[in-house]
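> need a 3D model of the following:
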Amino acid sequence: MKWLDVDTENCSVRRTLDLIGDRWSLLVLRDAMNGVRRFDAFRRHMGLSEAVLADRLRKLVAAGVLETRPYREPGARTRSEYRLTAKGWDLWPAMIALMQWGDKYTADPEGPVLEVRHTGCDAEVRAVVECPADHAPLTPREVTVRPGPSAHPVRRNAPHSRPDDHASLG
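You can find the predicted model right below:
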């Protein structure tokens, strides 16, 4: 089966984008990975409305990407902090890759806003694609993409089955 013959309705990239693919969800994750925990801190730092932030936090908690932990300031009611779960931290390499791409193609002329460095030696951290058999890093020309076990033939006449709409990764 060739790529254009594969139905992408159940594609992992598509499902991931359905969950975290909007701007605000990604920025919530960015801030959580950089230590932001509280609703007011997220809102102040990102400048988004309470309603949008509450919606994104609720969605990420429901998906198991964030979890809530209660806290209470003296004299105030109990509130929730938001912390990344193991599932959330598994998105860290993807966030580093997005930042790496942005630093290369969209950064301000004076350079990136953040630098991510290895604590042990102070070298710049990079996201790479590697083979677990020690053939790293790989380029796109060195890999083969093929249909997996959940691949199904594309349904002809389906709205998402236009060849121009397909990307090279599922």
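
> got the contact list for Ala123?
By C-beta atoms under 8 Å, 6 or more residues apart in numbering, Ala123 lies in contact with Arg117. C-beta coordinates here come from the backbone N, C-alpha and C atoms, glycine included.

> which residues in the chain form strands?
66-72, 78-84 (DSSP state E).

> just name the most buried of those strands.
Highest mean neighbour count among the strands of the chain (mean count of other C-beta atoms under 10 Å): strand 78-84, with a mean of 15.

> helices or strands up against that strand?
helix 23-33, helix 39-46, helix 50-62, strand 66-72 (3 or more C-beta pairs under 8 Å, 6 or more residues apart in numbering; DSSP states H and E).

> would you check how far apart Cys11 and Gly148 are?
Going from Cys11 to Gly148 by C-beta to C-beta, to the nearest Å gives 10 Å.

> higher neighbour count, these two?
More neighbours surround Cys11 than the other of Cys11 and Gly148, with 19 against 10 (other C-beta atoms under 10 Å).

> pLDDT value on that one, please?
Looking at Cys11, its pLDDT reads 86.

> then Arg146?
pLDDT, read off for Arg146, is 83.

> what of Arg44?
pLDDT at Arg44 comes out at 95.

> count of neighbours near it?
Residues contacting Arg44 under the criterion other C-beta under 10 Å number 11.

> likewise for the one 3 residues further on?
The criterion is other C-beta under 10 Å. On that basis, Gly47 has 8 neighbouring residues.

> what's the pLDDT at it?
For Gly47, pLDDT reads 92.

> low-confidence ranges in the protein?
Within the chain, the ranges that satisfy pLDDT under 70 run 1, 156-170.

> let me know the outermost residue of it.
Gly75 (36.9 Å; C-alpha atoms, centre = their mean).

> coming back round to it: looking at the strands of the chain, which is closest to Glu124?
Checking the strands of the chain against Glu124 by C-beta to C-beta gives strand 78-84 as the closest, at 22.8 Å.

> and stretch 7-25, which residues are buried?
By neighbour count with 16 or more other C-beta atoms under 10 Å, stretch 7-25 contains the buried residues Asp7, Thr8, Cys11, Leu19, Ile20, Trp24, Ser25.

> among those residues, which pair sits farthest apart?
Going by C-beta to C-beta, the pair spanning the buried residues of stretch 7-25 furthest: Asp7 and Trp24, at 29.6 Å.
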